[in-house]
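1. Mind folding the following:
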Amino acid sequence: MTRRALNLTGFAGSSALMAYALYAQYGLDLTPCPLCVFQRVGVIALGLGFLLAAVQNPSGWGRHIYTAFIGLAAGGTAAVAARHLWLQNLPPDRVPACGPDLGYLLETLPLGDVLRQVFTGSGECATIDWSFLGLSMPAWVLIAVTVIGLAGLAANLLAKSAPATDKRA
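-> Okay, the predicted model is just below:
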């Protein structure tokens, strides 16, 4: 499989994650908490990294730039999902109090304060509204972005690009 095909596969995987997130929100009526929103941003960034790498299909140092971007997007998203999972597994007496929603925070506070407050966590992020095979949604996001991210790193560092075709008549 060529690097371009592998990057398109990574884009498809990221798109599938976002499609399910939107289905969960609008089809299952699950409101995303602030940490869910940041995980979505990370998955979108990961998907864009894969798409741009597939479209440009760079060689040399260009593929290393895409590798770094894909690694940062996957790693950042995995870190947010791990933090979310940690909040969900706190004992009930250690769960932080619920705070204002993300929209209100963005309207009233500087971005740095919003990020600090979101990553400190709130009670709404500790609620488990959905699970599959005993794992909550942030656990599945953590697994998925880790697998997709590692595959993206391998694809862009190890896979060969498609051979150039000879256009001479």
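2. which residues touch residue 130?
-> When contacts are counted by CB atoms under 8 Å, 6 or more residues apart in numbering, residue 130 touches 24, 28, 30, 136-137. Backbone N, C-alpha and C define where each C-beta goes, glycine included.
3. out of those residues, who's nearest residue 69?
-> Each of these was scored against residue 69 by CB to CB, and residue 137 proved nearest at 24.7 Å.
4. per-residue confidence for the residue lying closest to the closest one once chain neighbours are set aside?
-> Of all residues not flanking residue 137 in the chain, residue 130 sits nearest, at 5.2 Å (CB to CB, 6 or more residues apart in numbering). Residue 130 carries a pLDDT value of 78.
5. do the same with the one 5 residues further on
-> The pLDDT attached to residue 135 in the predicted structure is 88.
6. What's the separation between it and residue 142?
-> From residue 135 across to residue 142, the span is 9 Å (CB to CB, to the nearest Å).
7. Those two: who's more crowded?
-> Counted by other CB atoms under 10 Å, residue 135 and residue 142 do not tie: residue 142 has more neighbours, with 22 against 15.
8. Okay, the residue lying closest to residue 38 once chain neighbours are set aside and residue 16: tell me how far apart.
-> The shortest distance from residue 38 to any non-neighbouring residue, by CB to CB, 6+ apart, is to residue 80 (4.9 Å). Shown here: residue 80 relative to residue 16, a distance of 19 Å by CB to CB.
9. Which one's more surrounded, these two?
-> Just comparing residue 80 and residue 16: by other CB under 10 Å the higher neighbour count belongs to residue 80, 25 against 14.
10. does residue 8 really touch residue 54, like I thought?
-> Yes. Using CB atoms under 8 Å, residue 8 is in contact with residue 54, at 4.7 Å.
11. More neighbours: those two, which one.
-> residue 54 (21 against 18).
12. shaky segments in the chain?
-> Counting by pLDDT under 70, the ranges of the chain that qualify are 95-105, 115-125, 159-169.
13. so where do the strands sit in it?
-> Residue ranges of the strands in the chain, as given by DSSP state E, are 131-132, 135-136.
14. any idea how far the residue nearest in space to the middle of the chain lies from residue 113?
-> For the chain, the residue nearest the mean C-alpha position is residue 43 (2.7 Å; CA atoms, centre = their mean). Residue 43 is 24 Å from residue 113, where distance means CB to CB.
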